[in-house]
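K.L.:
Attaching a predicted model along with its sequence, questions to come.
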Amino acid sequence: MPFTQKYKIYRYDGDSRGLLKPGALLRYSQQIAGEHAVSIGITDDLYARTHTAYVLAKLALHFDRVPHVDETLTITTEPEKLKRAVNRRFNIFYDGEGREVACVDSRWVLIDTDRRLILRRHPPEFPSSGWAEELPRELPMKMTKVPLDQCELLGAHRADYSRCDMNGHLNNTIYADLICDALPQQTWQTMAVRDLVIYYHKEVPQGESLRLARARLAENRWFFSGWNGDTCNFEAEITLAPL
C-alpha cells in the first residue's frame with residue numbers, strides 16, 4: 001500500500017508569485033521517501049551496519065498545476081522492488097480537493113559505501129516487505145543532450161554549507177534551484193515549470209564547485225549540464241508552459 005502524508009506549503013517555499021518552487025516540491029518528495037523508508041525499517045542505523053546508502057540516479061517531475069503557498073498537499077509514495085540494481089519510486093501530490101497536481105518518478109541505486117560499488121541485491125538485513133512488485137505508472141525520462149562546446153557557460157556554483165545534505169554533498173533538490181535560477185528572468189512573468197528531468201552522474205562534495213552550462217532546445221525548453229573539470233556531474237531538461 002502507498003505511504004501517505006500531508007504537507008502544508010510554507011511561504012518560504014513559494015516564488016515571487018506565491019507558486020511552489022520545483023526544488024521545494026522535490027524536497028517534499030525526498031522527505032516522504034525517507035519517512036516511508038524508516039516506517040519499513042530502512043533506518044540510518046541499518047545503512048551504517050550494512051555500509052550502504054541509496055543514491056538518486058535520475059528523476060522526472062511533472063506538474064498538472066503548480067500549487068500555491070498555504071495549500072495543504074496529500075502526498076503518496078510507493079517504491080518498486082529492486083530490478084537490475086534499480087529501485088523505482090513514484091510519488092503523487094494531491095490538492096485539498098483530491099485532484100492530482102504533480103508527480104515525481106525517481107530511480108535509486110543502493111551502493112556499498114566502502115567500495116563505492118552499486119549493489120544488485122539488497123543485503124539480507126533489509127526488509128523484504130514494503131516494495132511493490134511493479135509500479136503502474138512511469139514518466140518519460142529521455143532528454144535531448146547538447147555537447148558542452150555547444151552550450152552557453154553561466155559560471156560556477158559551489159557546494160556550500162547551506163546547499164549540502166547529510167551525505168556531505170550538494171543535495172539533489174538543489175540542482176532544480178540552480179536550473180530555475182539560470183533561466184531568463186522574464187520567464188517567470190508568464191511561465192511555470194511543466195516538466196523537469198534530471199540525470200545525476202556524480203556528486204559534488206561540500207566545498208567543491210561545478211560550472212553550469214545551458215542550451216535552448218525550443219521556445220519553452222532548455223538543456224542544462226554541470227561540470228567539475230572534465231567530469232559531468234548532472235544533465236537536465238526543463239520544459240515550461242504558460243500560467
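P.N.:
Received it, and whenever you're ready, just let me know what you need.
K.L.:
can you give me the strands for the protein?
P.N.:
3-8, 52-63, 72-79, 87-94, 100-112, 117-118, 152-158, 191-200, 209-218, 221-228, 231-242 (DSSP state E).
K.L.:
Paired strands for the longest one, with orientation please.
P.N.:
Strand 100-112 has these partner strands in its sheet, going by DSSP bridges: strand 52-63 (antiparallel), strand 87-94 (antiparallel), strand 117-118 (antiparallel).
K.L.:
With only the CA atoms kept, save that strand in PDB.
P.N.:
Taking C-alpha atoms only, strand 100-112 is exported to PDB below (Å, rounded to 0.1, in the frame of the first residue of the first chain):
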ATOM      1  CA  GLU A 100      -3.600  15.300  -8.700                       C
ATOM      2  CA  VAL A 101      -1.400  18.400  -9.200                       C
ATOM      3  CA  ALA A 102       2.100  16.900  -9.600                       C
ATOM      4  CA  CYS A 103       4.100  13.600  -9.600                       C
ATOM      5  CA  VAL A 104       7.700  12.600  -9.300                       C
ATOM      6  CA  ASP A 105       9.200   9.400 -10.800                       C
ATOM      7  CA  SER A 106      12.600   8.600  -9.400                       C
ATOM      8  CA  ARG A 107      15.300   5.900  -9.900                       C
ATOM      9  CA  TRP A 108      17.500   4.900  -6.900                       C
ATOM     10  CA  VAL A 109      20.600   2.700  -6.600                       C
ATOM     11  CA  LEU A 110      21.900   1.100  -3.500                       C
ATOM     12  CA  ILE A 111      25.700   1.400  -3.100                       C
ATOM     13  CA  ASP A 112      28.400  -0.100  -1.000                       C
END
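K.L.:
Could you pull out the buried residues of that strand?
P.N.:
101-111 (16 or more other CB atoms under 10 Å). For every residue, glycine as well, the C-beta is placed using N, CA and C.
K.L.:
Generate TSV for these, with pLDDT and distance to T173 as supplementary columns.
P.N.:
Shown next, in TSV, are these (pLDDT from 0 to 100; distance: CB to CB, whole Å):
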residue	pLDDT	distance to T173
V101	98	18
A102	98	14
C103	98	16
V104	98	11
D105	98	15
S106	98	11
R107	97	15
W108	96	14
V109	95	18
L110	94	20
I111	94	19
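K.L.:
quick revisit: redo the strands of the chain as CSV? Include distance to A24.
P.N.:
Below are the strands of the chain laid out as CSV (distance: least, CB to CB, whole Å):
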stretch, distance to A24
strand 3-8, 10
strand 52-63, 11
strand 72-79, 11
strand 87-94, 12
strand 100-112, 11
strand 117-118, 29
strand 152-158, 18
strand 191-200, 12
strand 209-218, 20
strand 221-228, 19
strand 231-242, 15
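K.L.:
Out of those strands, the one nearest N171 is which?
P.N.:
strand 52-63 (9.8 Å; CB to CB).
K.L.:
quick one: contacts of the closest one?
P.N.:
With contacts defined as CB atoms under 8 Å, 6 or more residues apart in numbering, strand 52-63 is touched by 22, 25-26, 37, 46-47, 86-87, 101-113, 119, 123, 139-141, 167, 172, 176, 192-200, 203.
K.L.:
and that strand with strand 231-242, angle?
P.N.:
Computed by axes from the mean of the first three to the mean of the last three CA atoms, to 10 degrees, the angle separating strand 52-63 from strand 231-242 equals 30 degrees.
K.L.:
Distance from the chain centre to strand 52-63, please.
P.N.:
5 Å (CA atoms, centre = their mean, to the nearest Å).
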